[in-house]
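> requesting a structural model of the entry that follows:
(chains A and B)
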Protein chains: 2
Amino acid sequence: MSRSSAGAWTDPAAAAAELADAAVAGDRRALARLLTAVENRTPLAEAALRRLYPQAGRAHLVGITGPPGSGKSTLVAALIARVREAGRSVAVIAVDPSSPITGGALLGDRVRMQAYAGDGDVFIRSMASRGHAGGLASTSGAAAAVLDAAGFDLILLETVGTGQSEVEVAAAADTTVVVEAPEMGDEVQAIKAGLLEVADLVVVNKGDRPGAQRTASQLRAMLVAVPHVGSSGSDDRPRPKRPEILLTTASTGEGVPELLTGLDAHRAAGREGVTASARLARAEAQVWAILADRLRESLHDEDRRALSRETLAAVADYRLDPYAAADRLLESLARLPR
Amino acid sequence: MSRSSAGAWTDPAAAAAELADAAVAGDRRALARLLTAVENRTPLAEAALRRLYPQAGRAHLVGITGPPGSGKSTLVAALIARVREAGRSVAVIAVDPSSPITGGALLGDRVRMQAYAGDGDVFIRSMASRGHAGGLASTSGAAAAVLDAAGFDLILLETVGTGQSEVEVAAAADTTVVVEAPEMGDEVQAIKAGLLEVADLVVVNKGDRPGAQRTASQLRAMLVAVPHVGSSGSDDRPRPKRPEILLTTASTGEGVPELLTGLDAHRAAGREGVTASARLARAEAQVWAILADRLRESLHDEDRRALSRETLAAVADYRLDPYAAADRLLESLARLPR
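Sure, this is the predicted structure:
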């Protein structure tokens, strides 16, 4: 992608190249701007990603998920501190289930950021989880690729593990950590069962609370009942062994060095092929989202807009079934030039 | 769709027609089988939906969502009792975030079903929330259409309101109820803010607990800050006024008659156009999921399978960017016959 010296800021490709190169060179404001573009799926983001993608692939992408109240954010903060002690750089993408409109700052990234204000090797970013279906996996995958190209050693994808999309995001990481806490309610208990299937490592956080050891034992018993090799829902990656269970107390840092050791060990095992299918799932989510965007655009272009609108209205009024509607729209795609 | 008298059970269209007609005629086992087919997206489901869809559109579809621990399930049980007292029929689709593999029965539909074992006018069904992105909205929409055609007056779509897909399901109903409980944790508190945007009615459940009135006041204050007319995330339907806040104590039934009155009032207002865009969003989710399935099939058919696999592997290895991959696959769709 070449850049003309004149009009660099009116040509999106040139502007994207400039921003991408600045982000790779260590300009954190450029990086932040790029991530905003990725989140908003602008043409600039597309051009920048085309440029950055081949420079990515070196970072270790770790998904961290768990039910509300399990202390994920505190654990992530403790992990950042440990990673920095080890002299490595770390970026966090916190998928925030609160609203982009009301501006919820659930995961408190601003507060957390302050502790590392002068440290260029820590980068924390929230992302809203609203948007069209499938968008979350694709957007977080693209954001991870940008941070990867920008040279971060470790990228943490933090999600609340109670929604389908949010769990998928964490599960598409190279290594997936499921965080639990002792003594949670029944509903949360049941959510656990689903979460355990995607876990490469299980962390019982708040390990200083009564019942922590009991929770770890219960989880061990549940894991016996969970299939770990072969298909696991939509996530087909093979697992070499049952996930390890670790106890941490994020507030004191207890168990956090062992967690980092566990992550490194999983990654080392991944070099022998374990993470390959996670990377394939991530690639598929991104390519699929782009294909879906293109298809959507085609259906809303000038030639088809009226037909699309009329067809959907007929389905909304139960005058037309959705299969007949899909056939009609596909036919229009084949018939009309794109 | 005509049915040949010979070989009715080898021809999926004929089998679907028979099953669909039986479900409409009140055969609950046929209805259950049909919903299983819908959940598994079988060809039988497609044929049955094509037949049933034009018979749907009369039911009132109500989404009920809220954070874990807000008492949604108990509230739904109390609402069922009230609806039956009023002589109306009711079906529940409970979207269960636990796993289809470990077979979590979070929402305890079997237990709840027992209370209405002899009552053909109550039907309760769980649906797993795993599956490919966008699938949940489409599957629950299709299931609602089947129950609608089967003649249920009220259809309740119950989801845990902490995931993007799950909230979208509830928000695509004609009327969306957000359930809260007094005194929940910080993380849950923040989830609330996002949920309130989709609410047509807000219920503070567990109204007998200390702090219920204070929670209601806090919610009222939050609602002032939430925009209620015009765009609200991906959900563009206009809202005529701020959502009403109701107090219920599901365990005693207190406030539940007022909730049903509120639902009826919202529906009556909906007849003047409020729910039209919710129905359009539902139609769009269903048509879109079918289009996506067709596109996915095309990319995995014999002519393209090798190319698709190789292209995704290149993205997974960061040798190819996802936009270039999407362009390559779209080109293959245009070039090769479908």
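> any weak-confidence spans in chain A?
A:1-10, A:96-114, A:129-135, A:161-164, A:183-194, A:225-241, A:271-275, A:335-338 (pLDDT under 70).
> quick one, longest helix in it?
helix A:276-299 (DSSP state H).
> show me what that one is packed up against.
helix A:135-149, helix A:164-171, helix A:322-335, helix B:276-299, helix B:305-316, helix B:322-335 (3 or more C-beta pairs under 8 Å, 6 or more residues apart in numbering or on different chains; DSSP states H and E). Every C-beta, even on glycine, is put in place using the N, C-alpha and C of the backbone.
> how about the strands in the stretch 101-250 of chain A?
A:122-128, A:154-160, A:175-180, A:201-204, A:244-247 (DSSP state E, counting those that start in this stretch).
> including distance to chain B and mean neighbour count, could these go into JSON lines?
Below are the strands of the stretch 101-250 of chain A laid out as JSON lines (distance: least, C-beta to the nearest C-beta, whole Å; neighbours: other C-beta atoms under 10 Å in any protein chain shown):
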{"stretch": "strand A:122-128", "distance to chain B": "9", "mean neighbour count": "22"}
{"stretch": "strand A:154-160", "distance to chain B": "6", "mean neighbour count": "27"}
{"stretch": "strand A:175-180", "distance to chain B": "12", "mean neighbour count": "28"}
{"stretch": "strand A:201-204", "distance to chain B": "14", "mean neighbour count": "26"}
{"stretch": "strand A:244-247", "distance to chain B": "17", "mean neighbour count": "18"}
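> which one of those lies nearest to A:Arg58?
strand A:154-160 (10.4 Å; C-beta to C-beta).
> touching the host helix or strand of A:Ala268 from outside, list them.
Per DSSP states H and E, A:Ala268 falls inside helix A:256-269. Contacts with helix A:256-269, where a contact means C-beta atoms under 8 Å, 6 or more residues apart in numbering or on different chains, come from A:60, A:62, A:75, A:78-79, A:81-83, A:86, A:154, A:174-175, A:177, A:200-201, A:203, A:240, A:244, A:246, A:248, A:250, A:274-275.
> that one to strand A:154-160, inter-axis angle?
If you take axes from the mean of the first three to the mean of the last three C-alpha atoms, to 10 degrees, helix A:256-269 sits at 110 degrees to strand A:154-160.
> C-alpha coordinates for helix A:256-269, CSV please?
Extracted as CSV, the C-alpha positions of helix A:256-269 are listed here (Å, rounded to 0.1, in the frame of the first residue of the first chain):
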residue,chain,number,x,y,z
VAL,A,256,-1.1,-15.1,40.4
PRO,A,257,2.6,-16.1,39.6
GLU,A,258,1.3,-19.7,39.2
LEU,A,259,-1.4,-18.5,36.9
LEU,A,260,1.1,-16.8,34.6
THR,A,261,3.2,-20.0,34.7
GLY,A,262,0.1,-22.0,33.7
LEU,A,263,-0.6,-19.6,30.8
ASP,A,264,3.0,-19.9,29.5
ALA,A,265,2.8,-23.7,29.8
HIS,A,266,-0.5,-23.8,27.9
ARG,A,267,1.0,-21.7,25.2
ALA,A,268,4.1,-23.9,25.0
ALA,A,269,1.8,-26.9,24.5
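> for it, the distance to its chain's centre please.
Distance of helix A:256-269 from its chain centroid, counting by C-alpha atoms, centre = their mean, to the nearest Å, is 19 Å.
> with distance to B:Ala115 added, can I get the strands of the stretch 101-250 of chain A in CSV?
Compiled in CSV, these are given as follows (distance: least, C-beta to C-beta, whole Å):
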stretch, distance to B:Ala115
strand A:122-128, 40
strand A:154-160, 32
strand A:175-180, 32
strand A:201-204, 36
strand A:244-247, 38
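> closest to A:Ala281 out of the ones you listed?
Nearest to A:Ala281, of the strands of the stretch 101-250 of chain A and by C-beta to C-beta, is strand A:175-180 at 11.2 Å.
> quick check: neighbours of the closest one in the sheet, parallel or antiparallel?
Sheet pairing for strand A:175-180, assigned by DSSP bridges, gives strand A:60-66 (parallel), strand A:201-204 (parallel).
> figure out which of these is closest to A:Ala170.
Across those, closest to A:Ala170 is strand A:60-66 (C-beta to C-beta), at 3.1 Å.
> the closest one vs helix A:135-149, what angle?
140 degrees.
> who touches strand A:60-66?
A:72, A:75-76, A:144, A:148, A:153-161, A:166-167, A:169-181, A:195, A:198, A:203, A:205, A:263, A:267, A:282.
> could you point out the helix or strand that follows it?
Trace forward from strand A:60-66 with DSSP H and E and the next one is helix A:72-85.
> restricting to C-alpha, output that next one in CSV.
C-alpha atoms of helix A:72-85 as CSV (Å, rounded to 0.1, in the frame of the first residue of the first chain):
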residue,chain,number,x,y,z
LYS,A,72,-12.1,-11.1,36.9
SER,A,73,-11.1,-7.4,36.9
THR,A,74,-9.1,-7.6,40.1
LEU,A,75,-7.5,-10.8,38.8
VAL,A,76,-6.6,-9.0,35.5
ALA,A,77,-5.1,-6.2,37.4
ALA,A,78,-3.0,-8.6,39.5
LEU,A,79,-1.9,-10.4,36.3
ILE,A,80,-0.8,-7.1,34.7
ALA,A,81,1.4,-6.4,37.7
ARG,A,82,2.9,-9.9,37.5
VAL,A,83,3.5,-9.7,33.8
ARG,A,84,5.2,-6.3,34.2
GLU,A,85,7.5,-7.8,36.9
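> how far is that helix from where the chain is centred?
18 Å.
> next: stretch A:25-41.
16 Å.
> is any residue of that stretch near chain B?
No: figure legend: stretch A:25-41 not in contact with chain B (C-beta under 8 Å from any C-beta of the partner chain); closest approach 11.5 Å.
> show me what counts as buried in that stretch.
A:Asp27, A:Ala30, A:Leu31, A:Arg33, A:Leu34, A:Leu35, A:Ala37, A:Val38, A:Glu39, A:Arg41 (16 or more other C-beta atoms under 10 Å in any protein chain shown).
> okay, the residues you listed in TSV with secondary structure next?
Formatted as TSV, these follow (DSSP: H, G, I helix; E, B strand; the rest coil):
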residue	secondary structure
A:Asp27	coil
A:Ala30	helix
A:Leu31	helix
A:Arg33	helix
A:Leu34	helix
A:Leu35	helix
A:Ala37	helix
A:Val38	helix
A:Glu39	helix
A:Arg41	coil
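> I'd like those residues as JSON lines, with distance to A:Ile93 appended.
Below are the buried residues of stretch A:25-41 laid out as JSON lines (distance: C-beta to C-beta, whole Å):
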{"residue": "A:Asp27", "distance to A:Ile93": "19"}
{"residue": "A:Ala30", "distance to A:Ile93": "17"}
{"residue": "A:Leu31", "distance to A:Ile93": "12"}
{"residue": "A:Arg33", "distance to A:Ile93": "16"}
{"residue": "A:Leu34", "distance to A:Ile93": "13"}
{"residue": "A:Leu35", "distance to A:Ile93": "8"}
{"residue": "A:Ala37", "distance to A:Ile93": "15"}
{"residue": "A:Val38", "distance to A:Ile93": "10"}
{"residue": "A:Glu39", "distance to A:Ile93": "10"}
{"residue": "A:Arg41", "distance to A:Ile93": "16"}
